[in-house]
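**Q** model the structure of this input:
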Amino acid sequence: MRHVSDDERRARIGVRHALAPSFRVDSPEAATRAMTVLHATESATVYLSCWARVRSLDAADVDNALYDQRSLVKQLAMRRTLFTFPRDLLPAAWSSASARVANTERTRMAKDVVKAGIAVDGNDWLDRARAEVLTLLTDAPEGLSALEVRQAVPMIDVKVEGSAGEIWSAPRVLTHLGATADIMRGTNTARFPVSRPLWTLTRHWLDDAPIDLESADGYREIVRRWLHSFGPGTEDDIVWWLGSTKTVVRAALAELEAVAVSLDGGDTGWLLPDDVATVCDPGPWAALLPVLDPTIMGWKNRDFYLGPHRNQLFDTRGNAGTTAWVDGRVVGCWIQDAAGVVHVRVLESVSADAQRALDAEAVRLTEWLGGVKIGTGYVSQAMKQAVGIAAATP
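**A** Numbers count the residues shown, from 1 in each chain. Below is the predicted model:
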């Protein structure tokens with residue numbers, strides 16, 4: 001069995017994730033493909049994940065890919081998370097990860113509306129709500145805001161207490177319609193870094209008809225792309241990232257004829273059969289990545305790039321804050337001060353060359369943002385401490 005060391009896995013990050021300078025790419029589409037998908041829970045993450053990987057980028061380039069060319073499309077999928085997909089990968093998600101999310105959401109929503117006394121049959125209520133929204137959007141090819149939809153469809157203008165104690169309303173119905181690929185987040189009515197999408201029918205947003213795939217085929221294609229971006233990864237890594245089951249993952253690995261490799265620490269990882277060769281050394285590199293960047297969120301087993309810093313870089317729900325990387329390892333985080341200047345805080349000693357590279361990335365990001373402040377709901381302990389340090393620095 002071939003052995004892939006942690007050093008080689010970290011080299012693969014620099015190469016496959018387009019983070020080492022000589023391996024950066026030329027477009028938002030290429031950056032997204034390098035990562036399989038980009039996290040889009042926060043709108044700014046898509047832009048900053050592309051910035052870190054594209055040689056020359058304007059925010060308008062990302063807007064063009066998302067809203068003009070529509071070569072990148074936002075879709076709720078794995079782990080009920082919003083991602084930006086390359087357009088050609090959408091059918092695979094619709095038949096597999098998105099369908100799984102939609103089924104789970106339907107069960108929860110149907111129970112919630114019955115419990116709240118809104119309907120006797122929760123599934124019937126959801127079907128009627130979905131039909132009314134779809135009829136409304138049929139006559140609105142440019143799309144409508146969530147507020148406009150809620151006002152036009154009174155039956156979804158409700159507040160429902162969910163099983164976990166959360167309160168949901170009309171947007172939850174739109175989320176379900178998005179998971180089933182009936183509607184999409186279309187034109188953004190705000191400017192970077194804010195997202196205020198208009199909801200539109202999928203057939204209005206995409207001019208090519210959806211391709212029907214079997215669920216197993218969809219999962220297999222997503223796993224194939226994940227292995228190219230993140231391999232070698234363990235079975236547990238793929239199950240977690242995919243938000244699916246071991247049965248699904250094992251079937252995909254078998255169909256792909258994935259190759260087992262040994263990893264430092266004794267785990268077994270998997271590679272595609274045409275990807276077992278040792279990757280080249282990408283040379284020294286440093287990167288500043290945004291909250292929930294796909295690199296930091298790519299694996300369940302993260303020790304080979306996190307070291308001892310997990311608790312400082314993730315919030316209590318497992319969401320990653322900003323991260324600073326040197327040669328495939330996370331060494332700290334970054335924040336902006338009141339003037340929008342980017343500051344790096346390292347959590348361990350780094351070489352003088354590495355510190356200079358991180359500082360150069362901070363200057364580059366500061367200039368690119370041009371004073372735009374990036375707010376976030378995912379603040380790690382390291383980021384909180386960095387804010388205090390930056391505020392106390394003259």
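**Q** shaky segments in this structure?
**A** For the chain, applying pLDDT under 70 flags the ranges 209-210, 388-394.
**Q** per-domain residue ranges of it.
**A** 97-205, 286-392 (automatic domain parsing).
**Q** and the longest one, how far apart are its ends?
**A** With C-alpha to C-alpha, to the nearest Å as the measure, the first residue of domain 97-205 is 21 Å from its last.
**Q** the strands in the stretch 101-250 of the chain, which residues?
**A** Ranges of strands in the stretch 101-250 of the chain, per DSSP state E, counting those that start in this stretch, are 160-161, 167-168, 183-188, 197-201.
**Q** between those, which one is closest to Asp217.
**A** With C-beta to C-beta as the measure, strand 183-188 is the member of those nearest Asp217 (21.9 Å). Where C-beta positions appear, they are placed from N, C-alpha and C, glycine not excepted.
**Q** quickly run through the sheet partners of the closest one, with directions.
**A** Strand 183-188 has its sheet partners listed here by DSSP bridges as strand 197-201 (antiparallel).
**Q** contact partners of the partner strand?
**A** With contact meaning C-beta atoms under 8 Å, 6 or more residues apart in numbering, strand 197-201 is reached by 74, 134, 137-138, 140-146, 149, 174, 177-178, 182-189.
**Q** before we move on, what about stretch 142-158?
**A** Outside stretch 142-158, the residues that reach it (C-beta under 8 Å, 6+ apart) are 113, 116, 118, 125, 128-129, 132-133, 136-137, 169-171, 173-174, 186-187, 189, 196-200, 204-205.
**Q** just the buried positions in it, please.
**A** Gly143, Leu144, Ala146, Val149, Arg150, Ala152, Val153, Ile156, Val158 (16 or more other C-beta atoms under 10 Å).
**Q** over to stretch 178-192?
**A** Gly178, Ala179, Thr180, Ala181, Asp182, Ile183, Met184, Arg185, Gly186, Asn188, Phe192.
**Q** re the thing from before, the contacts of stretch 142-158, buried ones only, as a PyMOL selection?
**A** Buried members of those, defined by 16+ other C-beta under 10 Å, are picked up in PyMOL with:
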select buried, resi 113+125+129+132+133+136+137+170+173+174+186+197+198+199+200+204+205
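**Q** mark which of the contacts of stretch 142-158 are part of helices, please.
**A** In helices, defined here by DSSP state H, the members of those are 113, 125, 128-129, 132-133, 136-137, 170-171, 173-174, 204-205.
**Q** and those residues as a markdown table, adding distance to Pro308?
**A** Output for these, formatted as a markdown table (distance: C-beta to C-beta, whole Å):
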| residue | distance to Pro308 |
| --- | --- |
| Val113 | 46 |
| Trp125 | 49 |
| Arg128 | 53 |
| Ala129 | 48 |
| Glu132 | 53 |
| Val133 | 48 |
| Leu136 | 52 |
| Leu137 | 50 |
| Ala170 | 44 |
| Pro171 | 39 |
| Val173 | 44 |
| Leu174 | 41 |
| His204 | 50 |
| Trp205 | 45 |
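**Q** and these, which is closest to Arg224?
**A** Trp205 (25.9 Å).
**Q** is it true that that closest one touches Gly178?
**A** No: the criterion here is C-beta atoms under 8 Å, and Trp205 misses it with Gly178 at 11.0 Å.
**Q** what touches both of these two?
**A** Common neighbours of Trp205 and Gly178 (C-beta under 8 Å, 6+ apart) are Met184.
**Q** run a quick neighbour tally on Gly375.
**A** 10 (other C-beta atoms under 10 Å).
**Q** so which elements touch whatever helix or strand Trp334 lives in?
**A** According to DSSP states H and E, Trp334 maps onto strand 329-336. Packing partners of strand 329-336 (3 or more C-beta pairs under 8 Å, 6 or more residues apart in numbering; DSSP states H and E): helix 303-306, helix 310-313, strand 323-326, strand 342-346, helix 352-369, helix 381-392.
**Q** can I get those in CSV including distance to Leu271 and mean neighbour count?
**A** Below are the helices and strands packed on strand 329-336 laid out as CSV (distance: least, C-beta to C-beta, whole Å; neighbours: other C-beta atoms under 10 Å):
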stretch, distance to Leu271, mean neighbour count
helix 303-306, 15, 18
helix 310-313, 25, 17
strand 323-326, 22, 26
strand 342-346, 32, 20
helix 352-369, 29, 16
helix 381-392, 32, 16
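**Q** still on that earlier bit, so what strands line up beside the strand holding Trp334?
**A** With DSSP bridges as the test, strand 329-336 pairs up with strand 323-326 (antiparallel), strand 342-346 (antiparallel).
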